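Visitor: structure for the following, please:
(one chain, ligands or ions: 1)
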Amino acid sequence: MSNLMEGKRGLVMGVANRNSIAWGIARTLSEHGAELAFTYQGDAFGKRVKPLAESIGSTMLLPCDVEDISSVDAVFQTLAEKWGSIDFIVHAIAYSDKNELKGRYSETSRENFSRTMLISCFSFTEVAKRAAAMMPNGGSMITLTYGGSTRIMPNYNVMGIAKAALESSVRYLAMDFGLEDIRVNAISAGPVRTLAGSGVTDARLMYNYQKKNSPLGRTVTLEEIGGTALYLLSDLSTGVTGEVHFVDSGYSIVSMPRLGELKA
Ligand code: NAD
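Guide: Residues are numbered from 1 along each chain as shown. Okay, here's the model as predicted:
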């Protein structure tokens with residue numbers, strides 16, 4: 001393995017269990033020498049995240065619910081006290097009421113719209129601002145998005161709107177922090193079987209459809225998403241900022257399934 005992340009320290013937000021995209025990313029970063037701190041949402045997730053974090057030698061495990069800004073502040077306070085500065089962050093957090101991840105988007109409630117936007121979009125801006133203040137020597141930040149931001153996916157609904165706003169945030173934040181040598185990018189992952197992913201009605205159908213109809217004819221692995229995160233968070237990508245990078249077996253380029261399969 002390379003030492004691409006040797007000497008770099010960063011925060012990973014969004015591990016719920018070993019199937020989480022954030023965990024796939026954390027594992028890859030750790031294999032390449034990164035030192036990691038983790039946040040977890042509530043005690044139940046904390047119990048699952050602790051052994052995972054310990055398995056890669058991390059002892060910094062901090063509670064954080066992004067709906068409570070004081071818990072976000074507490075995380076950065078602790079990081080400032082223990083590490084002084086950081087080099088990167090991974091934001092892999094999203095939430096929407098699963099009762100509204102089905103049917104028509106127009107039925108989205110005002111309450112769930114606001115909550116979805118706060119947790120799935122604005123939390124990245126709040127985290128980025130605090131992280132940038134701890135990156136005196138530059139740094140790199142990533143968040144996770146999905147192609148439902150620009151193209152219609154059945155049942156993805158308000159989450160698509162939140163992801164569109166998140167992707168736009170990535171571009172504005174990239175401009176805000178660019179002169180400080182802080183880069184901001186997003187990975188647009190193809191469907192992965194995770195807790196959050198299963199909240200979307202008919203997730204399995206979407207998963208199988210994209211698997212069958214992507215150029216590579218398969219879905220992506222956590223290792224493949226981890227590899228792209230490694231590229232974006234390491235010095236391999238120092239000229240890249242404000243990007244939304246697809247890791248989706250090429251599904252985003254497809255307008256129509258392969259004709260042979262339509263005939264079958
Ligand atoms: P996951 O369920 O493993 O992770 C989602 C995380 O969000 C959990 O750790 C959860 O604790 C956290 N979270 C939710 N509300 C929170 C809050 N209020 N405060 C703090 N944390 C909160 O699922 P995942 O699929 O790994 O999701 C990670 C990211 O990847 C999300 O942004 C998701 O939209 C995105 N994504 C997922 C897929 C997919 O198919 N699974 C595809 C593309 C993008």
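
Visitor: ok, residue 136 - contacts?
Guide: Contact analysis of residue 136 by CB atoms under 8 Å, 6 or more residues apart in numbering lists residue 85. Any C-beta I mention is one placed from the backbone N, CA and C, and that applies to glycine too.

Visitor: repeat that for 10 Å
Guide: For residue 136, the contacting residues are 84, 85, 86, 180, 181, by CB atoms under 10 Å, 6 or more residues apart in numbering.

Visitor: can you tell me which two in these are farthest apart?
Guide: 84 and 181 (17.5 Å; CB to CB).

Visitor: please identify which of those two sits among more neighbours.
Guide: residue 181 (14 against 10; other CB atoms under 10 Å).

Visitor: distance to the ligand and secondary structure for the contacts of residue 136 - can I get that in TSV?
Guide: Converted to TSV, those look like this (distance: CB to the nearest ligand atom, whole Å; DSSP: H, G, I helix; E, B strand; the rest coil):
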residue	distance to the ligand	secondary structure
84	24	coil
85	23	coil
86	18	coil
180	25	coil
181	26	coil
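
Visitor: now those residues in a markdown table, with pLDDT?
Guide: Shown next, in a markdown table, are these (pLDDT from 0 to 100):
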| residue | pLDDT |
| --- | --- |
| 84 | 98 |
| 85 | 98 |
| 86 | 98 |
| 180 | 98 |
| 181 | 98 |
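
Visitor: looking at those residues, which one is closest to residue 99?
Guide: residue 86 (37.0 Å).

Visitor: per-residue pLDDT, the residue nearest to residue 94 when sequence neighbours are not counted?
Guide: Spatial nearest neighbour of residue 94, chain neighbours left out: residue 120 (4.1 Å); criterion: CB to CB, 6 or more residues apart in numbering. Predicted confidence (pLDDT) for residue 120: 98.

Visitor: now residue 258
Guide: Reported pLDDT for residue 258: 86.

Visitor: got it, and residue 15?
Guide: 98.

Visitor: same deal with residue 2?
Guide: 79.

Visitor: burial measure for residue 137, as a count.
Guide: Residue 137: 9 neighbours (other CB under 10 Å).

Visitor: ok, it - contacts?
Guide: Residue 137 neighbours (CB under 10 Å, 6+ apart): 85, 87, 180, 181, 182.

Visitor: kindly reformat the residues you listed as a markdown table containing distance to residue 53.
Guide: Converted to a markdown table, those look like this (distance: CB to CB, whole Å):
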| residue | distance to residue 53 |
| --- | --- |
| 85 | 21 |
| 87 | 18 |
| 180 | 29 |
| 181 | 29 |
| 182 | 25 |
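
Visitor: quick one: contacts for residue 127?
Guide: Neighbours of residue 127 in contact, by CB under 10 Å, 6+ apart: 11, 13, 39, 64, 66, 72, 75-76, 89, 91, 93, 141, 143.

Visitor: check residue 187 too.
Guide: 21, 25, 90, 92, 142-146, 225-226, 228-229, 231-232, 243-248.

Visitor: again, only using 7 Å
Guide: Counting by CB atoms under 7 Å, 6 or more residues apart in numbering, residue 187 makes contact with 142, 144, 225, 228, 229, 245, 247.

Visitor: same deal with residue 134?
Guide: 76, 79, 80, 85, 86.

Visitor: any chance of the backbone angles for residue 60?
Guide: Dihedral angles of residue 60 (phi, psi; degrees, to the nearest 10) stand at phi -100, psi 100.
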